[in-house]
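A.B. asks: Dropping a prediction and its sequence here:
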Amino acid sequence: MTPSQTLPHDKVPQDAVHHDDDSPLSIHDMTVAYHRKPVLWDIDYAAPQGKLVGIVGPNGAGKSTLIKACLDLVPCASGSVRIYGKSYKEQRHMVGYVPQRESVDWDFPASALDVVVMGRYGQIPWCFPPGKKDKDAAQHALHQVGMGDYANRQISKLSGGQQQRVFLARALVQDARVYFMDEPFAGVDAATESAIVTLLRQLRERGRTVMVVHHDLQSVPEYFDEVLLLNMRIVASGPTASVFTEENLQKTYGGRLTLLSEAAEAIARNG
Amino acid sequence: MMDWSWLIDGWIIAAGAGAAMACALPGTFLVLRKMSLMGDAISHAVLPGLAIAFLVTHSRGVLPMFLGAVIVGVFTAVGTQVITRYGKVESGAAMGVVFSILFALGLVLIVQAADHVDLDPGCVLYGNLSLIPLDAPEGGIPPAVINIGLALLLNIAFVCLFFKELKICSFDPQLATTLGINANLMHYLLMIVVAVTTVASFEAVGSILVIAMLIVPPATARLLSDRLGMTLILAVVIAAISAVLGHVVAFRGPVWIGLDPSVSIETAAMIAVMTGVIFFLTLLFAPRYGLVGRWYHRVKLALQIVREDMLGILYRWGERRPDEAFLKDDLMKAVGRGTLARVAFGSLQRRRAIENAGDNRIRLSTAGKDAATKLVRDHRLWEGYLATHFDLPLDHLHEPAERVEHYISDDLSQQLKEEMGDLGEDPHGRKIPD
């Protein structure tokens, strides 16, 4: 397992914490808990620059939680996250996020363009409306995902795949350096799947780093340069060719570490 | 009953419409965020806030009232979240716990407060719209109207200034938070605005009916618009119309239905009834989401299908026996007779797609033949397409094509023609017409 297998009370002083400042995403000894029950244990990870990284693991492995903890959406019980060497709060302009499609209400009264423009909201000061520049950028992003003709379509009238592409366009207009995508391939049609893959490769060519929660093991070697195998802890991470092996998958999917689960239960019971 | 007087009725309408419009703005966001019940909870829960403000200050000062409401409003929102989280119940139950207890506490306190302050507890619950003009100083604006007007201005400013933030926090609070727009903060701001609005409105409509103003006009507007800005505008307009209608009906209604003009109807209640009436009318008649509109489209489609089936039957008959016209009665029988068949037949006659051949027989006109040719071509091309791409026995082809032919647009028809090329014949060996 990872080198720094420290217990919380043995914590090294904060200034001694090693973070790789050049890494787009560096996670140090992160533990995340829901209602005191740990769901991610001692995550140490440094993402390589300009690579497509697949986050793979069984249901309940904490894949979405990992992303949300990196984005400050759920608190870390311990440990820290750095984006290019600084905290998320200082670097949020460098980070793009594509949540799961089901996480929003698609009956909301908005057009596809409205939703894409939201990606720019972080760059517009409070109380100011988006301008023409923002709308042009959004229109351009819609074109990039092959949705240029659907700008004014009510979002509930789009198919699942089209909705997913709207979400991707929204991430594109954020013009981030690191992207986090939560299951962008879930339940999409073949056309959308290939559109997403093309887009991911374009992002990589432009030096972006993309972390993608992914479910379909078959396509992992084809889509991703690196993988992060997760099951409440990092089982293995690194280049797909060397890490995405039968043995590692067996470790990831072949059941939890019994003691880890039991310890989590005990903490939840007594906490 | 008194005669209509703009000095009195004008103020009543201003107060009612102002309150309804002020409520519609934050109400729209409650509806869109699927937390309509939160409006109900807050409007009830502000009661103890008001009562304590009355008890402490021994007056009906505006500022203490609003402060009391804001504190209790935020308390309700926080309390609901805490109880949902730790009480292991869904948010509806948590709201029920918080607001019913606060409301009951408020009822107890308000009776106490009534001893110290010139206050009718009933008025707090049901409002007293018709008495509002009586508080007006000579030639001046009644204080309640000023409060409502301020709340309306505040809400307009709130929605205009924070339009972008409200929009993203309502649609995707997680993304908002990652972008640095604090969705939690916006949530509590919205709750504060709801609390302030309900307090400003309680003199007009009372703390019970205010839920109608918060929820019904926005729900109606949502049926009419697919854009957030337009939904907000429509909600405000519908709120204003409800208020005006509500007062007019309350004022004139008894006379219209032949009652003694001295029978009085509470305007506030009638405004709430009117929001409901407008909602149901919209539900029936809204162009896109209305039930009547959807029914009309279904009937129209059914008619079109019968018409096209008739054209198809006549065409295929003409292929086999070009010289013999078709018996009208056979045609009606083939499409199942009934009203739909008669209406469809009449419609074909009016369009001059069929001609009378005498002796109760009919045939296709030139125009009818063109339309029928396209149908049959699409049908047979589709059979060809199915036969190419699916491994289906011949007898499985006709029925799907029969269904699909009615939905093939010109565009799709063109694509089909390009993809299938010059097929010549369908899989059954029948000629595909040009």
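C.D. replies: Thanks, I have it.
A.B. asks: make it CA atoms for all contacts and neighbour counts henceforth
C.D. replies: Will do.
A.B. asks: Centre-most residue in chain B?
C.D. replies: Note on chain B: the residue nearest the mean C-alpha position is B:L223, at 2.6 Å, using Cα atoms, centre = their mean.
A.B. asks: From B:T231, how far off is it?
C.D. replies: B:L223 sits 9 Å away from B:T231, taking Cα to Cα, to the nearest Å as the criterion.
A.B. asks: Let me see the contact set for B:A136.
C.D. replies: B:P142, B:P143 (Cα atoms under 8 Å, 6 or more residues apart in numbering or on different chains).
A.B. asks: per-residue confidence at it?
C.D. replies: Looking at B:A136, its pLDDT is 78.
A.B. asks: Equivalent analysis for A:H9, please.
C.D. replies: 49.
A.B. asks: got the contact list for stretch A:224-244?
C.D. replies: Contacts of stretch A:224-244 (Cα under 8 Å, 6+ apart): A:1-2, A:39-44, A:51-58, A:60-63, A:220-221, A:248-249, A:251-253, A:256.
A.B. asks: Show me which helix runs longest in chain A.
C.D. replies: helix A:190-205 (DSSP state H).
A.B. asks: And the average pLDDT for that one is what?
C.D. replies: Here helix A:190-205 scores 92 as its mean pLDDT.
A.B. asks: Mind listing residues that contact stretch B:146-165?
C.D. replies: A:121, A:126-130, B:15, B:18-19, B:21-22, B:25-26, B:62, B:166, B:176, B:181, B:186, B:193, B:196-197, B:200-201.
A.B. asks: That stretch: how far from the chain's middle?
C.D. replies: 23 Å (Cα atoms, centre = their mean, to the nearest Å).
A.B. asks: mind giving me the domain ranges of chain B?
C.D. replies: Domains of chain B are assigned by automatic domain parsing as B:5-241, B:294-364, B:369-420.
A.B. asks: Let's have those domains in JSON lines, adding distance to B:P427.
C.D. replies: Shown next, in JSON lines, are the domains of chain B (distance: least, Cα to Cα, whole Å):
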{"stretch": "domain B:5-241", "distance to B:P427": "45"}
{"stretch": "domain B:294-364", "distance to B:P427": "16"}
{"stretch": "domain B:369-420", "distance to B:P427": "6"}
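A.B. asks: does A:W41 sit in a helix or strand, and which one?
C.D. replies: A:W41 is located in strand A:37-46, with elements delineated by DSSP states H and E.
A.B. asks: so after the helix of greatest length in chain B, what's the next helix or strand?
C.D. replies: Ordering each helix of chain B by length in residues (DSSP H) puts helix B:183-224 first. Next helix or strand after helix B:183-224 toward the C-terminus (DSSP H and E): helix B:228-256.
A.B. asks: Up against chain B, what does the stretch 101-250 of chain A have?
C.D. replies: For the stretch 101-250 of chain A, the residues in contact with chain B (Cα under 8 Å from any Cα of the partner chain) are A:103-105, A:108-111, A:118, A:121-122, A:126-130, A:154.
A.B. asks: and the residue lying farthest from the centre of chain B, what are its phi and psi?
C.D. replies: Going by Cα atoms, centre = their mean, the residue of chain B most distant from its centre is B:D323, 55.9 Å out. Note on B:D323: its backbone torsions stand at phi -90, psi -10 [degrees, to the nearest 10].
A.B. asks: repeat for the one 5 residues further on
C.D. replies: Listed backbone geometry of B:K328 is phi -60, psi -40, with angles given as degrees, to the nearest 10.
A.B. asks: roughly how far apart are the residue nearest to it when sequence neighbours are not counted and B:G338?
C.D. replies: Spatially, and ignoring its direct neighbours in sequence, B:K328 is nearest to B:R361 (5.3 Å; Cα to Cα, 6 or more residues apart in numbering or on different chains). Separation of B:R361 from B:G338 (Cα to Cα) stands at 19 Å.
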